[in-house]
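K.L.:
coordinates only, no sequence provided:
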């Protein structure tokens with residue numbers, strides 16, 4: 001069986017988000033990679049007697065989407081911090097697409113921040129819809145409820161409490177969101193967009 005491999009990220013010291021929080025958060029990411037592999041191994045075993053293990057197969061396959069999306073969402077999240085914070089160039093293709101699809105960069109940013117304040121645990125996501133060749137923003141509950149089929153994640157903002165409570169307290173969500181954008185390496189986000197266009 002081909003296994004998923006843990007990715008490494010070059011995350012500098014961040015504004016507001018402590019090294020301890022990143023260290024603990026990365027451990028959760030490693031767990032998603034490990035569990036995605038373990039579930040696939042279990043499925044391979046259980047499917048040998050699919051009739052006998054029909055219930056177990058159904059439940060473990062349901063769990064796979066949670067672990068797998070947790071792995072992939074975190075890869076987009078951590079990669080957006082890699083190296084150092086860089087602004088989004090006014091002439092970048094991503095900024096042009098945001099303006100074209102969503103009116104203006106400021107309007108999109110305000111909307112995205114509002115999505116991030118959705119009550120509950122989950123993710124604020126920016127996607128590229130290859131079918132309609134446009135950007136979409138949405139909320140994803142937990143890791144996997146509300147993923148947009150056929151869309152590629154461009155930007156992922158983790159709004160599970162483990163990503164910010166130690167540094168900001170529950171009341172500091174808005175400050176965490178502001179610091180997330182202050183810490184972004186937009187070149188990496190632009191790179192996600194470029195790959196999605198291919």
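P.N.:
Received the coordinates, thanks. Quick caveat, the model's predicted, so the values are computed rather than measured. Numbers count the residues shown, from 1 in each chain.
K.L.:
hey, let's count contacts and neighbours off CA atoms from now on
P.N.:
Will do.
K.L.:
buried set for stretch 129-145?
P.N.:
Going by neighbour count (16 or more other Cα atoms under 10 Å), the buried part of stretch 129-145 is 129, 135-144.
K.L.:
just give the closest residue to the spatially most central residue of the chain, not the sequence neighbours.
P.N.:
For the chain, the residue nearest the mean C-alpha position is residue 73 (2.8 Å; Cα atoms, centre = their mean). Excluding its sequence neighbours, the residue lying closest to residue 73 (Cα to Cα, 6 or more residues apart in numbering) is residue 156, at 6.4 Å.
K.L.:
how close does that neighbour sit to residue 93?
P.N.:
Going from residue 156 to residue 93 by Cα to Cα, to the nearest Å gives 19 Å.
K.L.:
got it, and residue 22?
P.N.:
In this view, residue 22 and residue 93 are 30 Å apart by Cα to Cα.
K.L.:
does residue 124 really touch residue 139, like I thought?
P.N.:
Yes - between residue 124 and residue 139 there is a contact under Cα atoms under 8 Å: 4.8 Å.
K.L.:
for the longest helix along the chain, name the packing helices and strands.
P.N.:
Using DSSP state H, we find that the single longest helix of the chain is helix 19-46. Contacts defined by 3 or more Cα pairs under 8 Å, 6 or more residues apart in numbering; DSSP states H and E place helix 19-46 against helix 54-79.
K.L.:
now do the helix it packs on against helix 19-46, angle only.
P.N.:
Angle, helix 54-79 to helix 19-46, by axes from the mean of the first three to the mean of the last three Cα atoms, to 10 degrees: 150 degrees.
K.L.:
centre of the chain to helix 54-79, how far?
P.N.:
Centroid separation for helix 54-79 versus its chain: 12 Å, with Cα atoms, centre = their mean, to the nearest Å.
K.L.:
list the buried residues in it.
P.N.:
57, 64, 66-79.
K.L.:
what's the answer for stretch 109-124, then?
P.N.:
Neighbour-count burial for stretch 109-124 [16+ other Cα under 10 Å]: 112-113, 115-117, 121-124.
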